[in-house]
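Student: No sequence on hand, only this structure:
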C-alpha cells in the first residue's frame, strides 16, 4: 500500500468525499463517505473485467483508514465501529494464519456475505422507502461521482489502473454505511445508502455492457 499508485487513489477519494460530507452536513452522508469500499469489491471487479487483486488490495487500504476516520468524525458511533473493526481483525487474522481453513470455508463465507448485504439493504429499503427522494438520489450520485473520479485520477497519475482504483478505492459499501447509520439511530439512515446502492448497481451494469461491446 506504500506505492503511490495504490496510496494516492485511497487518500484522494477520502479527501474528496470528506469535502462532500462537510458541504452536505448530513451525518448519514458522512458515514457513507467514510465507509470502506464494498466488501464484495473483488467480485464486482470480475463482473466488469477489472483486476480483482488490485481491487482487493485497495479495499484493504480503505478498511484500515475507514474505521479510525468514522470514530473520529461521527460522535457516538464508536461502539458500533469497534464491533465491526473487531470482526474485520479476527477475520483477517484467521485468513492469514489458517489458509487451509480459509480455503475450505471461503465459499460459505462468500455466500453469507451476499446474504448479509441483501438483508441489510433490504432492511434499509423497508425503513427508508418513503424517504428516498430526489435529494437522496442527488447526494448519493455526488458521493459516487466524486469518489470514483478522484480515485481513478489518483491511480492514473501514478501509472495505476483507473478502473480498479475506481472500484477498490472510490466506491463505498452502502450496506456497511446503512448498518452503522441505523445502529446510531440517525433519521433517514437508509435513504442515501439505498440510493447509492441502486446507482452503483446501475453504473456497474453500464460498465458491463461497455466491456461486452469492446470484447
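Tutor: Looks like it came in fine. None of the values given here were measured: they were computed from a predicted structure.
Student: what about the residue lying closest to residue 51 once chain neighbours are set aside, is that helix, strand or coil?
Tutor: Leaving aside its chain neighbours, residue 51 sits nearest to residue 164 (4.6 Å; criterion: C-beta to C-beta, 6 or more residues apart in numbering). Every C-beta, even on glycine, is put in place using the N, C-alpha and C of the backbone. Secondary structure for residue 164, judged by DSSP: H, G, I helix; E, B strand; the rest coil, is helix.
Student: What count of nearby residues applies to residue 164?
Tutor: 27 (other C-beta atoms under 10 Å).
Student: next one: residue 157
Tutor: 14.
Student: I'd guessed it sits against residue 8; true?
Tutor: Yes. Residue 157 is within contact range of residue 8, at 6.7 Å (criterion: C-beta atoms under 8 Å).
Student: re the thing from before, which residues are in contact with the residue nearest to residue 51?
Tutor: Neighbour list for residue 164: 45, 50-51, 54-55, 58, 155 [criterion: C-beta atoms under 8 Å, 6 or more residues apart in numbering].
Student: repeat for residue 143
Tutor: For residue 143, the contacting residues are 17, 20, 29, 32-33, 172, 192, 196, by C-beta under 8 Å, 6+ apart.
Student: mind running it again at 6 Å?
Tutor: Residue 143 is in contact with 20, 32-33, counting by C-beta atoms under 6 Å, 6 or more residues apart in numbering.
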